[in-house]
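Asker: I need the structure of the sequence given here:
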Amino acid sequence: MVVAASGAVIVENISTYPVTDFTVADGVAISKGALLSGSNLRAAVASTDTTTTQEFVGIAAADKEASDGATNLGAYTTGIHEMQSVAIIGAEGAITVGDLVQLSGANTIVKAGAATVFPLSAGVIVGRAQESIAAGNSGEVKIGIFN
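Answerer: Okay, here's the model as predicted:
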């Protein structure tokens with residue numbers, strides 16, 4: 001299955017998923033389902049960096065329009081969500097069931113490399129793959145178990 005590039009899709013009943021509030025820039029638009037990264041005082045931005053050092057903070061729970069005056073955005077930090085794998089698999093290989101995954105660009109994930117898995121405190125782990133995910137396809141990922 002291929003998920004739209006706009007971000008993650010909730011798989012299970014969302015009433016059981018708590019929403020955590022994050023600070024966002026007023027002038028920035030963020031789509032519901034966007035994978036969010038951040039590193040300072042619960043501030044979040046949509047993930048865009050193609051390196052794998054971004055700290056994952058959650059998944060946008062609502063749309064945020066640019067320059068709408070809002071500087072807070074709720075994000076899901078737990079649950080099972082459908083996420084998109086990168087189109088070209090790197091040195092870590094394909095994502096298989098049980099693998100830890102991390103951010104890798106705008107709304108995409110990649111299998112976490114050995115250097116990332118061991119220092120879990122780095123915050124880059126998004127979650128654990130609940131199924132195998134081929135390059136450019138999507139699959140279920142359980143988030144909130146490592147952050």
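Asker: all contacts plus neighbour counts: C-alpha atoms, from now on.
Answerer: Fine.
Asker: tell me the contacts of Val101?
Answerer: Counting by Cα atoms under 8 Å, 6 or more residues apart in numbering, Val101 makes contact with Ile95, Ile109, Val110, Lys111, Ala112, Ile125, Val126, Gly127, Arg128, Ala129.
Asker: C-terminal to the lowest-mean-pLDDT helix or strand in the chain, what's the next element?
Answerer: Across the helices and strands of the chain, mean confidence by mean pLDDT, DSSP states H and E is lowest for helix 114-117: a mean of 59. Downstream of helix 114-117, the first helix or strand assigned by DSSP states H and E is strand 125-129.
Asker: so what does whatever helix or strand comes next after that next one touch, helix or strand wise?
Answerer: For strand 125-129, the following helix or strand on the C-terminal side (DSSP H and E) is strand 138-143. Judged by 3 or more Cα pairs under 8 Å, 6 or more residues apart in numbering; DSSP states H and E, the packing partners of strand 138-143 are strand 79-85, strand 125-129.
Asker: wait, which of these is closest to Leu36?
Answerer: Each of these has some distance to Leu36 by Cα to Cα; the shortest is strand 125-129, at 10.0 Å.
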